[in-house]
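1. pasting the structure only:
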Ligand SMILES: C[S@@+](CC[C@H](N)C(=O)[O-])C[C@H]1O[C@@H](n2cnc3c(N)ncnc32)[C@H](O)[C@@H]1O
C-alpha cells in the first residue's frame with residue numbers, strides 16, 4: 001500500500017484495530033470520496049445543486065467519548081477493544097480521542113489496578129469490570145462511568161473517588177452502571193452516581209448566524225464573522241444519554257440547522273422564520289435549543305427520560321421561557337403528528353428529526369408526509385436510512401443538503417437535509433382545534449399498551 005501521510009496510529013498499522021479503515025487516505029481525499037458516495041446514494045432525492053460544501057473534521061483528537069472494554073487482569077488491564085478470541089487490545093494511545101479523554105485513560109487504568117477490581121473476562125464469563133466510558137466536555141470537564149457486572153464493587157469505587165479526583169481534577173461526574181447480562185449491549189438500566197454532580201455541562205460555542213454557510217472548517221473560536229458573539233448552547237448531559245461524538249462538527253451541525261431554520265444564507269438574508277419548532281428524537285436538546293428564539297414555540301420529544309431532564313435543565317440554564325420551550329418524554333414513533341394548517345398569525349411550522357441509525361421507518365415517514373408540515377430538517381447518521389425515508393415522503397423535496405464528517409476515517413456520515421413541501425399532502429389534517437400538536441395514536445394500535453404510560457407526558461394541547 002502507498003502511504004500518503006505519516007502514520008497516525010501504530011495499532012492501525014499493525015492491523016490490531018480496524019476502527020479507521022481509511023486512516024491511510026489523506027483527509028481531503030477521504031471527504032471528497034465520502035461526499036461522492038453519499039451524493040450517489042441520495043441522487044434520486046438530492047439534486048446536485050442542493051449540496052453545500054461538506055463540513056470537515058479534524059483528523060485527530062475529535063472524539064469526545066471513549067467507550068473502552070476493560071480486559072486483561074487488574075494488575076495489567078487493557079482499555080480498548082476485544083480481539084476475535086476475546087482478548088483485550090489496549091487503545092489508550094488512540095489518536096482520535098480529545099486530549100482530556102486521552103490523558104484520563106492511564107489514570108483510570110491505574111484505578112483498576114489500585115482497586116483490584118477484576119476485568120470481566122468475556123470468554124470465561126468471570127470478573128466484574130466490563131467497560132469504562134469517558135466523556136469530555138469542551139471545557140475539558142469529565143464524566144467517567146464504570147460498567148460493572150454487579151454492585152459488589154460500588155463501595156470500592158466510591159472509596160477510590162478522592163484519589164481519582166486528586167489525579168483528575170476535571171472530574172465532574174462519576175457513576176457506576178450495572179450491566180448484569182452477558183451480551184453485547186454496553187450498559188444496563190441501573191446507574192449509581194458517585195459524585196454530587198450528576199450531569200456534565202457541554203458548553204457548545206456555535207458560530208454566529210450566517211457564518212456556517214461559508215464555513216469550510218468545523219466551528220470553534222476561529223469562526224468567521226467575528227463581530228457577533230458566538231451563540232452558546234449549554235447542554236446538560238446526564239449519564240445514559242446520547243451525545244454527538246464529535247463536538248466541533250456537532251457545533252457546526254446545530255448552527256447550520258439554526259441558519260437553515262431561519263433561512264439565513266451566505267448574504268445573511270433572512271427568509272420566513274418558523275413560529276413553531278418540533279424536534280423529534282431530541283436527546284438532550286441540541287437542535288431544539290439551537291433553534292429556540294424569542295416568541296417561538298419549541299418542543300422536543302425524546303424517549304430517554306434522563307435526556308429530557310437534562311434538556312429541561314439546559315433550557316432553564318439558558319433562561320429560555322418555559323412557556324415557549326418545553327421537552328416531553330415519549331416515543332416519537334408512536335405519535336401522530338397531526339398538525340393542521342398554521343393558525344391565523346402563527347406563522348410556519350418546522351419539524352426537526354434526528355433519529356437513530358435505523359431512521360424514521362416507513363410508518364413515521366408516511367405520517368410526516370401526510371401531516372402537512374411545510375418544512376422538515378432531517379439530520380441522519382445513516383444516509384441509506386435517509387434515502388429509504390425520503391422515498392416515503394414524495395411531497396417533501398430536498399432544498400439544501402450538507403455532509404458533516406462526524407466520523408472521519410470511516411464510511412459513516414452525518415447528513416443534514418432541508419425538506420420543503422412542494423404540493424399539498426395526500427392526507428387531510430384535522431384543524432388544531434380538533435387535534436393537539438402531538439397526539440397519541442388510536443388505542444387500537446398494537447403499540448398502545450407499550451406506550452400508554454408515556455402518552456400522558458406527550459399528550460398536549462400546547
Ligand atoms: C441520533 S440521537 C439524536 C439526539 C439529538 N438530536 C442530538 O443531536 O444529540 C437519537 C435520539 O433518539 C432517541 N430515541 C430513540 N428512539 C426513540 C423513540 N422511539 N422516540 C423518541 N426518541 C427516541 C435516543 O434516545 C437518542 O437520544
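-> Noted; the coordinates are in hand. The shown structure was predicted, so the numbers you read here are calculated from the model rather than taken from an experiment.

2. which residues in this protein form helices?
-> Here the chain has its helices, by DSSP state H, at 10-13, 27-41, 99-115, 154-167, 247-262, 286-291, 305-317, 361-371, 383-391, 448-458.

3. Quick one: closest of the ones you listed to the ligand.
-> Using C-beta to the nearest ligand atom as the measure, helix 286-291 is the one of those that comes nearest the ligand, at 3.9 Å. Where C-beta positions appear, they are placed from N, C-alpha and C, glycine not excepted.

4. now for the closest one, which elements pack on it?
-> strand 231-237, helix 247-262, strand 274-280, strand 297-302, helix 305-317, strand 325-329, strand 348-353 (3 or more C-beta pairs under 8 Å, 6 or more residues apart in numbering; DSSP states H and E).

5. Show me what the fourth one pairs with in its sheet, parallel or antiparallel.
-> The one in question is strand 297-302. Take DSSP bridges as the rule and strand 297-302 pairs in its sheet with strand 274-280 (parallel), strand 325-329 (parallel).

6. number of nearby residues for the residue in the chain positioned nearest to the ligand?
-> Closest to the ligand within the chain is residue 283: 2.7 Å, counting by C-beta to the nearest ligand atom. Residue 283 has 23 neighbours, counted by other C-beta atoms under 10 Å.

7. got a list of what the most centrally placed residue in the chain touches?
-> Nearest residue to the geometric centre of the chain (C-alpha atoms, centre = their mean): residue 244, 3.3 Å. Contact analysis of residue 244 by C-beta atoms under 8 Å, 6 or more residues apart in numbering lists 250, 253, 286, 406, 414.

8. Can I get the residues you listed in JSON lines including distance to residue 111 and pLDDT?
-> Formatted as JSON lines, the contacts of residue 244 follow (distance: C-beta to C-beta, whole Å; pLDDT from 0 to 100):
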{"residue": "250", "distance to residue 111": "29", "pLDDT": "98"}
{"residue": "253", "distance to residue 111": "34", "pLDDT": "98"}
{"residue": "286", "distance to residue 111": "31", "pLDDT": "98"}
{"residue": "406", "distance to residue 111": "30", "pLDDT": "97"}
{"residue": "414", "distance to residue 111": "34", "pLDDT": "98"}
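
9. Those residues also near the ligand: which ones?
-> Residues of these in contact with the ligand (C-beta under 6 Å from any ligand atom): residue 286.

10. Low-confidence regions, the stretch 351-462 of the chain specifically.
-> Within the stretch 351-462 of the chain, the ranges that satisfy pLDDT under 70 run 423-462.

11. Flag every residue of it that's near the ligand.
-> Residues of the stretch 351-462 of the chain lying near the ligand (C-beta under 6 Å from any ligand atom): 354, 355, 356, 381.

12. In JSON lines: the helices and strands packed on helix 286-291, plus mean neighbour count and distance to residue 184.
-> Formatted as JSON lines, the helices and strands packed on helix 286-291 follow (neighbours: other C-beta atoms under 10 Å; distance: least, C-beta to C-beta, whole Å):
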{"stretch": "strand 231-237", "mean neighbour count": "21", "distance to residue 184": "24"}
{"stretch": "helix 247-262", "mean neighbour count": "25", "distance to residue 184": "26"}
{"stretch": "strand 274-280", "mean neighbour count": "24", "distance to residue 184": "27"}
{"stretch": "strand 297-302", "mean neighbour count": "25", "distance to residue 184": "24"}
{"stretch": "helix 305-317", "mean neighbour count": "21", "distance to residue 184": "22"}
{"stretch": "strand 325-329", "mean neighbour count": "22", "distance to residue 184": "26"}
{"stretch": "strand 348-353", "mean neighbour count": "23", "distance to residue 184": "27"}
